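S.K.: Sequence first, predicted coordinates after that:
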Amino acid sequence: MENQLRYHFIAIGGAAMHNLALALHDSGHLVTGSDDEVFEPSLSRLKAKGLLPDTYGWFPEKITSDISAVILGMHAREDNPELLAAKEKGIPVFSFPEFIFEKSKNKQRIVIAGSHGKTTITAIILHVLKHINKEVDFLVGAQIAGFDNMVRLSETAPTIIIEGDEYFASPLDKQPKFLKYQHHIALVSGVSWDHINVYPTLDNYVRQFDKLADATPKGGILIYNEEDDITSVICKKARTDVWNKPYKIHAFEIIDGVSYLKTKKAKYPIKIFGDHNISNISGAYELLTNCLGVTDDQFYEAIQTFPGAANRLETLASKNGAHVIKDFAHAPSKVVATTKAVKKQFGSTKLIACLELHTFSSLNADFIPQYENTMKVADVAFVYFNPEVLSAKQLPALDKEVLAKAFKSPVRVFTDIAELEQAILAEKSSKANLLLMSSGNFHGLDYNSLATKFLG
């Protein structure tokens, strides 16, 4: 291809990294990469394109002078042998967000940020734009129905929609990723403390979103959820050179387990549910109709077919009014929103809620009190953690009884996945819903097998 370049990825197996690698490969560029371990779905997707490393590990000899740029993932360390070799040879090194910015300098850049909801809002925006055949580039953190890849970087699209993460840009750059994109328009869905490993206090965490709001350029637009207290304070700042646009939850009602958006013209059935998701719809609506020229009719026609992003209140199986649902919820605010959503959607149906503590924050004894009463709406609440994950993250052991007390409302704590599965099945009834919440996979739990047993 014309202007073919060669890119090397250090830590190619990451969720965002492997999607960028695939996007560059599909555009005709030469792509190589390394990692010390690659998991699904990255493994299969990289292998299908011939991009999976032949051998795991770091090999400085891979860093040759014909490489146009090295893209550095968060998983790599500062002393990574390939990174040191790239520096020694003077090869440009970009963090993931720096590279995205470099490739979108001449585009309108829209960043969707927030402690929760940003993936779903980004996914809704992309779904609607695809529905009306409007070309756009994008970066989103979860698989979306109708999209083969989660990164698109073209020469022709005038706008890029970016899911903006508040985590560090790279091991070399401690700025939040979302600041690196230099947005023209930003949307903030809500702010609730997370990532205690890099933001040890709530104030420190909130300050990052303060920086994002302050970084809005003259003539820029800041859209925010006015029903979130912290977000509202951050985004209501008196700046006459920025258009501040608040939104709140869309009017809706639930009829026979289906949510309907209500307008003056009609009621529109939707496939997703939960107050937090209805709020996410409102955020997407404000951005699409006020900034991207989408009409009300176009929006409400498209939103009815939005299936949700992968692992976000995803129904795995249903039978006779009972459901098995999984969700990415792991931070306290997400656990509250998700359990409330399922309980509200299905009324008096028994709710068995299971939460895996998997992230550094959720397994940190200083952060665990944040989970107080987060599962109180569940009829039965189970909490699981894998002691091996604690060891891998170099965290001290957790006492099951102390952990259970931190939740305040009754929970049973498990460290053995087989025992958890037995407890779940012991609670099943003719009409009950099972909710599985984790940013991991419950130690390799076979979700489909469990769903079959639970609904059988």
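M.R.: Perfect, thanks for sending it. Numbers count the residues shown, from 1 in each chain.

S.K.: And residue 100, how far from residue 123?
M.R.: 18 Å (C-beta to C-beta, to the nearest Å). Any C-beta I mention is one placed from the backbone N, CA and C, and that applies to glycine too.

S.K.: Mind checking which of those two has more residues around it?
M.R.: Set side by side, residue 100 and residue 123 show more neighbours around residue 123, with 31 against 23, by other C-beta atoms under 10 Å.

S.K.: Quick check: pLDDT value at that one.
M.R.: pLDDT for residue 123: 96.

S.K.: which residues are in contact with the helix or strand hosting it?
M.R.: Using DSSP states H and E, residue 123 sits within helix 118-131. Surrounding helix 118-131, the residues in contact under the criterion C-beta atoms under 8 Å, 6 or more residues apart in numbering are 112, 114, 136, 138, 140-142, 144, 146-147, 161-165, 187, 189, 272, 277, 280-281, 283-284, 287-288, 292, 294, 298-299, 301-303, 305-306, 308-309, 312, 328.

S.K.: Helices - which of those land there?
M.R.: 277, 280, 281, 283, 284, 287, 288, 298, 299, 301, 302, 303 (DSSP state H).

S.K.: Let me know the closest of these to residue 346.
M.R.: residue 277 (14.7 Å; C-beta to C-beta).

S.K.: Which pLDDT value goes with the nearest residue to that closest one once chain neighbours are set aside?
M.R.: The shortest distance from residue 277 to any non-neighbouring residue, by C-beta to C-beta, 6 or more residues apart in numbering, is to residue 120 (6.2 Å). At residue 120, the pLDDT value in this model is 95.

S.K.: change the start of the numbering to 25 and stick with it
M.R.: Sounds good: first residue 25 from here, last item residue 144.

S.K.: Now do residue 144 against residue 187, distance only.
M.R.: 10 Å.

S.K.: re earlier: of the ones in helices among the contacts of helix 142-155, keep whichever come out buried.
M.R.: 301, 304, 305, 307, 308, 311, 312, 322, 323, 326, 327 (16 or more other C-beta atoms under 10 Å).

S.K.: List just the nearest of the ones in helices among the contacts of helix 142-155 to residue 113.
M.R.: residue 311 (42.2 Å).

S.K.: Look up how far residue 98 lies from the closest one.
M.R.: 27 Å.

S.K.: again with residue 261
M.R.: 30 Å.

S.K.: Next: residue 329.
M.R.: Taken as C-beta to C-beta, the span from residue 329 to residue 98 is 34 Å.

S.K.: Show me which of these two is the more surrounded one.
M.R.: The residue with more neighbours, out of residue 329 and residue 98, is residue 98; 17 against 13, by other C-beta under 10 Å.

S.K.: Give me the residue ranges of the chain where confidence is low.
M.R.: Across the chain, residues meeting the criterion (pLDDT under 70) sit at 25-26, 262.

S.K.: Domains in it, by residue range?
M.R.: 30-115, 123-327, 338-479 (automatic domain parsing).
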